[in-house]
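Novice: Got a predicted structure here, sequence first:
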Amino acid sequence: MNKILYFLFLCFFIACSSNKKNQLDISGTWQKKRLAMNYTEPAENTGYEMYLVLEKKKRKYVGKMIYSESDYLPDPIDSLTYVANRLNFIKINEDKTTNRYQLIYKKECDCFEGEMFSSLGNVHQIQFHKIN
């Protein structure tokens, strides 16, 4: 009986322990940079800057996309997940269309790099650099 209890305690301890110490804290403001569109075309200049603002609430990240132009309202973010240095989320545009982001943290540039799949069917290669 003692061996079974010891085994159950060990299983519980292993299951509850995590290595979150090694996981990056992504809270803060990240500036978006477009690298390319549809894998070949150079990225066009939009005339404004976009920022991803993330904060941690009750062990989960929440965020919004804000713009440097005051004419644009912040866009909410849905389905935000951050696991094993992979950041995935859906940005809901003002017209209720969505853009899907799939990003991986790159230690070399201290940034998130990946793809944004737009509601129009385009694929943008992008980076997010932390500014604070």
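Specialist: Arrived safely.
Novice: Report the strands that pair with the helix or strand hosting Met116, each with its relative direction.
Specialist: Assigning secondary structure by DSSP states H and E places Met116 in strand 111-117. Strands adjacent to strand 111-117 in the sheet, as given by DSSP bridges, are strand 98-106 (antiparallel), strand 123-130 (antiparallel).
Novice: Give me the buried positions along the shortest one.
Specialist: Within strand 123-130, the residues that qualify as buried are 124-128, 130, counting by 16 or more other Cβ atoms under 10 Å. Where you see a C-beta, it was placed from the backbone N, CA and C, and this is true even at glycine.
Novice: The longest one now?
Specialist: Of the residues in strand 98-106, 99, 101, 103, 105 count as buried by neighbour count, 16+ other Cβ under 10 Å.
Novice: From what I see, the second one and Val123 are in contact.
Specialist: Pointing back at Tyr101 there. No - judged on Cβ atoms under 8 Å, Tyr101 makes no contact with Val123 at a distance of 11.2 Å.
Novice: between those two, what contacts are shared?
Specialist: Here Tyr101 and Val123 have 115-117 as joint contacts, going by Cβ atoms under 8 Å, 6 or more residues apart in numbering.
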